[in-house]
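A.B. asks: structure for this input, please:
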Amino acid sequence: MSPLSKDAPINIVGAGVFGLSTALHLARRGYRNVTVFDKQPYDTTLYSYLNGCDAASADMNKIIRSAYGSQVEYQELTFEAIEAWKAWNSELATGNDLPLGMSKDDKVFYNCGNLSMTDGNVLPAFELATIKTMEECGHKDTQLITTDARHASIAESRGQGFALDPFHRKSKGKSNLGVLDSTGGVAVADKACRLALHKARGHGAKFVLDPVAGAFASFIADVHGKTIGIKTKDGRTHEAALTIMACGGWTPSLLTRLDHLCETTAGSVILYKIPQHSPLFQRFSPEAFPTWLWKVRDGAKGGLYGFPRDEAGYLKIGYRGTKYTNPKPQADGKERSVPVTRWSEGEKLKQIPEQAMKVLKGFVAEYLPELKEEGIDVELSRVCWYTDTFDNHFVVDRVPGDEGLFVATGGSGHAFKYLPNIGNWVVDVLEGAGEERPAVKAWKWRSVGVETPVNLLMEGSAGERALANVRLAEETNAAGNRAKL
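C.D. replies: Numbers count the residues shown, from 1 in each chain. Next comes the predicted model:
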């Protein structure tokens, strides 16, 4: 296959983590005709969910962790990303060439740690595998066991002692077994996306961010069926030597050849609003509270994760114990899960499933009773749509049989941490470089093999996870000024 000319027009559909990072790194490497299309007017909404953005990347925060059990490829990719996150913080601190509305006091990464907790008496196999793999790769003492005195001393020396028992379990005489990934923490997602967009533009990438002019309508193809560009909803055609689909939760329904490789699924999120005058405001700050995981591989009764509060006081807790779907009949007669949010055109969803709310509130009652004591209730609930693959590996490859079409998707709920660097890998794949690397091999276009899939996909409208078959919790809007959301 002939290499792309640096002057060849390249379309990227989607301005989330994969699209932004790919645009940035293409432009950095000298590709001079890169255009990103997205239906969200991110220059005005600033990647804020509260301003009407409903993509997974458009969020207040995301977890950064390098703990990946025995999956060395993601572990090392995260270490690479963390160095880039630190570099972005350093660039912001100079105060030079900042995105509009950001200042030198802003950060996009807080190294507050990521605590993985269990309610059992022994560490899960995943945590033990992580510790072993880290040590074998030269990262000894990055994974700190909460009940180990030597590890506690290390955490204190690094200024992360707060992250070993953030829920004050020990003082209550309760179990507090877990592992602190001291390398991790929280990414400030909306600001990070704004920074990546700004940097990509600075290197020459162009962006069409508009509900009509930026919205994908269809592919255009030549007489041989090769993709030669896209049409947007304003009726305009945009020819390109290569079209990259990086649309997050919308990708599987737009690129139907992803059937059984990818599916759109929803996590469930609740937000608490911590008043600035509350003593909890400081306690839950990213300087004093870690990101965390709870029974994250324990099925429907676990799968929780959470964050320190953001600068506005929002404390976010999420549930992925059950990954919900929204199967709808498509033009070809097949059912595919498609995102539906409070901001969707037509059908809207302002609630989360009852099961998700039950697990979330059960955790809060046990681990964060001080919220109720302070009279702080759920401010807002929402679903968050991801693209799962059957094996949790990304999909970064050309679409088989169509040299004009490429896909970068399948984040499976763990891709955002790679915003600074994943695009560099995508461009490597485009250029045919580094094909021997385990991660690149894992991201190739593929079919379900003989092994049991990590995620069962495309169960359809009869499936137990389909939202039409699930009881929804009552709509939650605690504050009157949020009731219009």
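A.B. asks: for this structure, what's the longest helix?
C.D. replies: helix 72-94 (DSSP state H).
A.B. asks: need the residues that contact that helix.
C.D. replies: 64-68, 98, 102, 104, 106-109, 130, 133-134, 137, 139, 183-184, 187, 192, 195, 414, 417-422, 425, 437-439, 442 (C-beta atoms under 8 Å, 6 or more residues apart in numbering). C-beta here means a position set from N, CA and C on the backbone, and glycine is covered the same way.
A.B. asks: show me which positions of it end up buried.
C.D. replies: 73-78, 81-82, 84-85, 88-89, 91-92 (16 or more other C-beta atoms under 10 Å).
A.B. asks: how far is it from where the chain is centred?
C.D. replies: Chain-centre distance of helix 72-94: 16 Å, with C-alpha atoms, centre = their mean, to the nearest Å.
A.B. asks: packing partners of the helix or strand following that helix?
C.D. replies: Moving toward the C-terminus from helix 72-94, the next helix or strand (DSSP states H and E) is strand 109-110. Using 3 or more C-beta pairs under 8 Å, 6 or more residues apart in numbering; DSSP states H and E, the elements in contact with strand 109-110 are helix 72-94, strand 185-187.
A.B. asks: run the last query once more with 6 Å
C.D. replies: strand 185-187 (3 or more C-beta pairs under 6 Å, 6 or more residues apart in numbering; DSSP states H and E).
A.B. asks: neighbouring contacts of whatever helix or strand comes next after the strand it packs on?
C.D. replies: Downstream of strand 185-187, the next assigned helix or strand under DSSP H and E is helix 189-202. The list of residues contacting helix 189-202 from outside it, by C-beta atoms under 6 Å, 6 or more residues apart in numbering, reads 20, 23-24, 27, 47-48, 57, 59, 61-62, 99, 106, 108, 419.
A.B. asks: buried set for helix 189-202?
C.D. replies: So for helix 189-202, counting by 16+ other C-beta under 10 Å, buried means Ala189, Asp190, Lys191, Ala192, Cys193, Arg194, Leu195, Ala196, Leu197, Lys199, Ala200, Arg201.
A.B. asks: go through the helix or strand just after that helix and flag the buried ones.
C.D. replies: Counting by DSSP H and E, the next helix or strand C-terminal to helix 189-202 is strand 206-209. In terms of neighbour count (16+ other C-beta under 10 Å), strand 206-209 has its buried residues at Phe207, Val208, Leu209.
A.B. asks: measure the second one to Lys233 for me?
C.D. replies: For Val208, the distance to Lys233 (C-beta to C-beta, to the nearest Å) stands at 11 Å.
A.B. asks: what do you get for the last one?
C.D. replies: Using C-beta to C-beta, one gets 13 Å for the distance from Leu209 to Lys233.
A.B. asks: what does Val269 give?
C.D. replies: In terms of C-beta to C-beta, Val269 sits 29 Å off from Lys233.
A.B. asks: list the buried ones in the helix or strand hosting Tyr305?
C.D. replies: Per DSSP H and E, Tyr305 falls inside strand 304-306. Buried residues in strand 304-306, counted by 16+ other C-beta under 10 Å: Leu304, Tyr305, Gly306.
A.B. asks: count of neighbours near the closest residue to Phe167 other than its chain neighbours?
C.D. replies: If the residues on either side of it in the chain are set aside, Phe167 comes closest to Tyr367, at 4.5 Å by C-beta to C-beta, 6 or more residues apart in numbering. Neighbours of Tyr367 under the rule other C-beta atoms under 10 Å: 21.
A.B. asks: cool, and the one 10 residues further on?
C.D. replies: Per other C-beta under 10 Å, the neighbour tally for Asp377 reads 15.
A.B. asks: mind checking how far it is from Leu371?
C.D. replies: 8 Å.
A.B. asks: what's the closest of the buried residues of helix 189-202 to Thr227?
C.D. replies: Minimum distance to Thr227 across the buried residues of helix 189-202 is 22.7 Å, recorded for Ala200 (C-beta to C-beta).
A.B. asks: next one: that closest one from Arg342, what distance?
C.D. replies: In terms of C-beta to C-beta, Ala200 sits 29 Å off from Arg342.
A.B. asks: do Leu280 as well
C.D. replies: Counting by C-beta to C-beta - Leu280 and Arg342 are separated by 27 Å.
A.B. asks: which residues of the stretch 251-400 of the chain fall in helices?
C.D. replies: Here the stretch 251-400 of the chain has its helices, by DSSP state H, counting those that start in this stretch, at 251-254, 279-283, 354-367, 369-373.
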